[in-house]
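Q: here's my sequence, what's the structure:
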Amino acid sequence: IVPPTVAPLPLLVISRLLPFVIDESTNNAPLPVLDIIKSFALFIVSTEINMVAAICIHNATVFNGYSMMKNCAVQIKQNKIVDVFNEDRLNSKVFKADTSFIDAHGAYVAPGFIYTHIHGFGGYGTEDCSVKSILKMSEGLATCGVTSFIPTLYSGNKMQMIKGIRAVVGAMGREKGARI
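A: Residues are numbered from 1 along each chain as shown. Predicted coordinates:
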């Protein structure tokens, strides 16, 4: 679920699907291409996820970093995960009227990536020391499952480094994709 034009949910959130999917029968072999495409359907469907106060993504296979949890739901309020539960509990929970429900149709839901060292992406980079390039990196990275990143500067003379730092600081808070 990567909003290409909306800032993603913070940190380990369900705002992104992994660019690879783990086969639940072996816990390590890649799934067939059709299953991967099905998984990414949820990625594309929820481009407006941050514009809603409360969301419940249900009928999902949730990957929590350790295991695959089938038939689960994830409840998000004010851009934070507040609960992960099975479909049986979904039917007994009470939700506020402003909750939006997204049926994942069994697709995989997983935490987003945090890119801790990146000089550039998609033809944009830190070397030109521009806010525009940093913001374009943010948008591009979001399409690949990255929720946060650290724009990494190349070493250079003092003025070049200051210019690069100013570009990164100028982009912070203005991201339309992955957050800095």
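Q: ok, K96 touching I55?
A: No. Between K96 and I55 there is no contact under CB atoms under 8 Å: 11.3 Å. No exception for glycine: its C-beta is placed from N, CA and C like everyone else's.
Q: compare neighbour counts for the two and give me the winner.
A: Between K96 and I55, I55 has the larger neighbour count (other CB atoms under 10 Å), namely 24 against 8.
Q: this structure: strands as residue ranges?
A: Along the chain, counting by DSSP state E, strands occupy 54-63, 68-77, 80-86, 99-103, 108-109, 113-118, 120-121, 124-125, 146-151.
Q: neighbouring strands of the first one in the sheet, and parallel or not?
A: For strand 54-63, the paired strands and their directions (DSSP bridges) read strand 68-77 (antiparallel), strand 99-103 (parallel), strand 108-109 (parallel).
Q: now do the longest one against strand 80-86, angle only.
A: Counting by axes from the mean of the first three to the mean of the last three CA atoms, to 10 degrees, strand 68-77 lies at 140 degrees to strand 80-86.
Q: using PDB, list the CA coordinates for strand 68-77.
A: These are the backbone C-alpha positions of strand 68-77, laid out as PDB (Å, rounded to 0.1, in the frame of the first residue of the first chain):
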ATOM      1  CA  MET A  68       2.800 -15.200   8.200                       C
ATOM      2  CA  MET A  69      -0.600 -14.600   9.900                       C
ATOM      3  CA  LYS A  70      -3.400 -15.600   7.500                       C
ATOM      4  CA  ASN A  71      -7.000 -14.200   7.800                       C
ATOM      5  CA  CYS A  72      -5.900 -11.200   9.800                       C
ATOM      6  CA  ALA A  73      -6.800  -7.600  10.100                       C
ATOM      7  CA  VAL A  74      -4.900  -4.500  10.900                       C
ATOM      8  CA  GLN A  75      -6.500  -1.500  12.600                       C
ATOM      9  CA  ILE A  76      -4.900   1.900  12.000                       C
ATOM     10  CA  LYS A  77      -6.000   5.100  13.700                       C
END
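Q: and it, how far out from the chain's middle?
A: Centre-to-centre, strand 68-77 and its host chain are 15 Å apart (CA atoms, centre = their mean, to the nearest Å).
Q: and the second one, by the same measure?
A: On the basis of CA atoms, centre = their mean, the separation between the geometric centre of strand 99-103 and that of its chain is 17 Å.
Q: now the helices for this protein?
A: 33-45, 87-90, 131-142, 158-171 (DSSP state H).
Q: so which bits of the shortest one are buried?
A: Within helix 87-90, the residues that qualify as buried by neighbour count (16 or more other CB atoms under 10 Å) are L90.
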